[in-house]
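1. need a structure here:
(2 chains, ligands or ions: 1)
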Amino acid sequence: MKKLLILGAGTSGTMMANHMVKKLPREDWDITIVDQYKTHYYQPGFLFLPFDLYKSKDVKKKGENFIPRGVNYVLQKIDKIVPEKNQVILEKEILSYDILIIATGTKIFPGEVEGMKGPKWYKNIFDFYTYEGAKALRNKLREWEGGKLVVHISEMPIKCPVAPLEFAFLADSYFINKKMRDKVDITFVTPMGGAFTKPKATKALHYLLEGKNIKEVTDFAIERVDYENNKIYDYGGQEVEYDLLVTVPPNLGDPVIERSGLGDDMNFVPTHKATLQSKAHKNIFVIGDASNLPASKAGSVAHFEAEILEENILRYIKGEPLKEEFDGHANCFIETGHGKALLIDFNYTHEPVEGTFPFPGVGPLKLLKESRMNHFGKLAFRWIYWNMLLKGTHIPFVSATMSESGKHFEKED
Amino acid sequence: MEKVINGKTVKVNEEGYLTDLSQWDKKIAVELAKEKGIEMTDKHWEVIDYIQNKYKSEEPLSIRGIKKSGVINIKEFYDLFPGGPLKVSTLIAGIPKPKSCM
Ligand SMILES: Cc1cc2nc3c(=O)[nH]c(=O)nc-3n(C[C@H](O)[C@H](O)[C@H](O)COP(=O)(O)OP(=O)(O)OC[C@H]3O[C@@H](n4cnc5c(N)ncnc54)[C@H](O)[C@@H]3O)c2cc1C
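-> The predicted model follows:
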């Protein structure tokens, strides 16, 4: 009996379990998936939780419900991967594998920034990238009387890189609805050159910040949080004052990657960007946020990767050359507040452009333009996530690699 | 777009970043640095060399990576390339500016 072992039962791991169980003959292959928690969180929902737009039950379900029959589901912490022995050491047992899929994702490490996870953590400094953070922030916002709200990114890369900006947009709507927008000053602080970094998106979208009166502080690489005086400082000498700091702490790969000696500077696993095979070991594949691919860390990306990874694992088993197909395809809905959203579609080489999606020239979704339809698309994503995406169902009309028709590309020079 | 730097025509994008690293050379870097008010020193070259290697091996650039690189600490990095060190150093190194997704 051969063994396929999947580490992590988040978005990517769960999808791969569903993909592979349909493809690998039961009599030859034993499939096991491991995670430390019994709950599966819908992380995109963490953006809506603080504003009372979603309830807890919308974002958490029992992981077990999404693991297909025929797959062993092990709930234990993973201690170490030992590639030389094709073994994985868990808390209570050791599992061996013929093929390993790493899908351990990324999480926040507020302890990496001096003063962030100090006495004011979850008092007036919050994250919304965890269930606990989003919920604590919701309780804070319900009673907050206003002041300086600073929405902050510590360092790149982070998962869902537009979520902080969406947070700022939704905060604007939220305070308008609560009739207290005049009491709140919103500032967006980013280590990048701007809230938008690609020229076409900047041109098409900068008006959003101006229109919503959101201030921008750029090139801010945080050095420390002075929680006693409510200020953040950067290495270049800039400082920003806050009353309420909503930060995205550094996102790193899980410490298990570091313990196993498989990671880069940020504990992400070096991975071939077109095949998803790990660079160090041929029988280890990497999917989702855990890899170091220069693609966005998003559930939609993991979905596109899963289709290609399934094919490549089957090829690997047959000893055929791997398909070099993954192009970094991502598409994300971006909430802009007041019941509207944007949609962007891009890959390793093409930046987001205007056009329609998924049907060229028809839509119904508009790329890089605000619309109500896009907002409904974002809300529908939750249903698609729980009912189609995790189960590895192909989403109609949307292909794993990016389609160039119906989009307004300029000629590359 | 094209730009003439130090008598040589190179391809650049709308923000002035070289789009083809093979057209880069040290003289071009010196000129690009001058436009940013930077006088290149040995330490600058060491950093440029490090980030070009990162780019060639397709590893993402990050402040954390710089911190761990042993080449330079963050304070020095800011002192050498004022006003957004990743943005400025990549421009001089002839590689794309680090981007988020939009
Ligand atoms: C606020 C927010 C908004 C987002 N919005 C969007 C969006 O609109 N669209 C979109 O496409 N994506 C969005 N995302 C990103 C998306 O949620 C992630 O990209 C996706 O979940 C990645 O899947 P993954 O399987 O790689 O990692 P995860 O889903 O994080 O799963 C990793 C799993 O591995 C387990 N694990 C890790 N280490 C260990 C260990 N040592 N032992 C045992 N188990 C371990 C974890 O418990 C976890 O279950 C958002 C994320 C956040 C935080």
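
2. Which stretches in chain B count as helices?
-> B:26-35, B:42-56, B:63-69, B:74-80, B:85-93 (DSSP state H).

3. what packs against the third one?
-> The helices and strands touching helix B:63-69, judged by 3 or more Cβ pairs under 8 Å, 6 or more residues apart in numbering or on different chains; DSSP states H and E, are helix B:42-56, helix B:74-80. Any C-beta I mention is one placed from the backbone N, CA and C, and that applies to glycine too.

4. Serialize those helices to JSON lines and add fields for mean neighbour count.
-> Output for the helices and strands packed on helix B:63-69, formatted as JSON lines (neighbours: other Cβ atoms under 10 Å in any protein chain shown):
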{"stretch": "helix B:42-56", "mean neighbour count": "16"}
{"stretch": "helix B:74-80", "mean neighbour count": "17"}
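
5. What strand or helix carries the residue in the stretch 301-413 of chain A positioned nearest to chain B?
-> Residue nearest to chain B within the stretch 301-413 of chain A: residue A:352 (5.2 Å; Cβ to the nearest Cβ). Assigned by DSSP states H and E, residue A:352 falls within no helix or strand.

6. Surely it and residue A:331 touch.
-> No - the pair residue A:352 and residue A:331 fails to qualify as a contact (Cβ atoms under 8 Å) at a distance of 9.1 Å.

7. overlap in contacts of the two?
-> Common neighbours of residue A:352 and residue A:331, counting by Cβ atoms under 8 Å, 6 or more residues apart in numbering or on different chains, are A:344, A:345, A:346.

8. Which of those residues fall within strands?
-> Cross-referencing those against strands under DSSP state E gives A:344, A:345, A:346.

9. Closest to residue A:267 out of the residues you listed?
-> residue A:346 (25.6 Å; Cβ to Cβ).

10. Once you drop chain neighbours, what's closest to the closest one?
-> residue A:352 (4.6 Å; Cβ to Cβ, 6 or more residues apart in numbering or on different chains).

11. And for that neighbour, the neighbour number?
-> Using other Cβ atoms under 10 Å in any protein chain shown, residue A:352 has 26 other residues around it.

12. Mind pulling the model confidence for it?
-> Per-residue pLDDT puts residue A:352 at 81.

13. Check residue A:82 too.
-> Per the predicted model, pLDDT is 98 at residue A:82.

14. can you check residue A:34 too?
-> 98.

15. how about the shared contacts of residue A:352 and residue A:331 in JSON lines, adding neighbour count, distance to residue A:295 and pLDDT?
-> Shown next, in JSON lines, are those (neighbours: other Cβ atoms under 10 Å in any protein chain shown; distance: Cβ to Cβ, whole Å; pLDDT from 0 to 100):
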{"residue": "A:344", "neighbour count": "26", "distance to residue A:295": "13", "pLDDT": "86"}
{"residue": "A:345", "neighbour count": "24", "distance to residue A:295": "13", "pLDDT": "85"}
{"residue": "A:346", "neighbour count": "26", "distance to residue A:295": "9", "pLDDT": "84"}
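
16. Those residues also near the ligand: which ones?
-> When Cβ under 6 Å from any ligand atom is applied, no member of the shared contacts of residue A:352 and residue A:331 is adjacent to the ligand.

17. Just name the closest of these to residue A:78, please.
-> residue A:346 (32.6 Å).

18. Residue A:368 versus the closest one, what's the distance?
-> To residue A:368, residue A:346 is 10 Å away according to Cβ to Cβ, to the nearest Å.

19. Kindly point out which residues are neighbours of both of the two.
-> With Cβ under 8 Å, 6+ apart, residue A:346 and residue A:368 have common neighbours A:352, A:353.

20. residue contacts, residue A:301?
-> Neighbours of residue A:301 in contact, by Cβ under 8 Å, 6+ apart: A:288, A:295, A:328, A:329, A:330.

21. Which members of those residues additionally contact chain B?
-> Subset of these in contact with chain B: residue A:330, counting by Cβ under 8 Å from any Cβ of the partner chain.

22. which of the contacts of residue A:301 come close to the ligand?
-> Counting by Cβ under 6 Å from any ligand atom, the members of those near the ligand are residue A:288.

23. Which residues are in contact with the residue nearest to residue B:94 when sequence neighbours are not counted?
-> Excluding the flanking residues, the one nearest residue B:94 by Cβ to Cβ, 6+ apart is residue B:24, at 3.3 Å. Residue B:24 is in contact with B:10, B:18, B:93, B:94, counting by Cβ under 8 Å, 6+ apart.

24. pretty sure the second one is touching residue B:9, no?
-> This points to residue B:18. No - judged on Cβ under 8 Å, residue B:18 makes no contact with residue B:9 at a distance of 11.6 Å.

25. ok, these two, which is more surrounded?
-> When residue B:18 and residue B:9 are compared on other Cβ under 10 Å, the one with more neighbours turns out to be residue B:18, at 24 against 9.

26. mind checking pLDDT for that one?
-> At residue B:18, the model reports a pLDDT of 94.

27. for it, which residues make a bridge with it?
-> residue B:12 (DSSP bridges).

28. Can you give me the distance of it to residue B:95?
-> 7 Å.

29. Now chain A against the ligand: closest residue?
-> Going by Cβ to the nearest ligand atom, the ligand is nearest to residue A:10 of chain A, at 1.8 Å.

30. Could you count how many residues lie near that residue?
-> The number of residues packed near residue A:10 is 23, by other Cβ under 10 Å.

31. which residues touch it?
-> A:35, A:40, A:41, A:103, A:105, A:288.

32. Among the contacts of residue A:301, which ones are in strands?
-> Short answer: those in strands (DSSP E) are residue A:330.

33. How confident was the prediction at the most centrally placed residue in chain B?
-> Most central in chain B under Cα atoms, centre = their mean is residue B:90, positioned 2.4 Å from the mean C-alpha point. Residue B:90 carries a pLDDT score of 94 in this model.

34. Quickly note the distance from it to chain A.
-> Relative to chain A, residue B:90 is positioned 11 Å away (Cβ to the nearest Cβ, to the nearest Å).

35. Can you list the low-confidence ranges for chain A?
-> A:410-413 (pLDDT under 70).

36. which parts of it sit against the ligand?
-> Near the ligand, when you scan chain A using Cβ under 6 Å from any ligand atom, you find A:8-13, A:34-37, A:43-44, A:46-47, A:77-78, A:103-105, A:128-129, A:159-160, A:163, A:254, A:256, A:288-290, A:297-300, A:302, A:332.

37. just to revisit the earlier point, comparing the helices of chain B, which gets the lowest mean pLDDT score?
-> Looking at these, the weakest mean confidence is helix B:63-69, a mean of 82.

38. residues making contact with it?
-> A:155, A:191, A:221, A:250, A:264-266, B:47, B:50, B:54, B:59, B:72-74, B:77, B:86.

39. try 10 Å
-> Under the contact criterion Cβ atoms under 10 Å, 6 or more residues apart in numbering or on different chains, helix B:63-69 has outside partners A:112, A:154-156, A:191, A:221-222, A:235, A:250, A:252, A:264-266, B:46-47, B:50-51, B:53-54, B:59, B:62, B:71-74, B:76-78, B:85-86, B:89, B:98.
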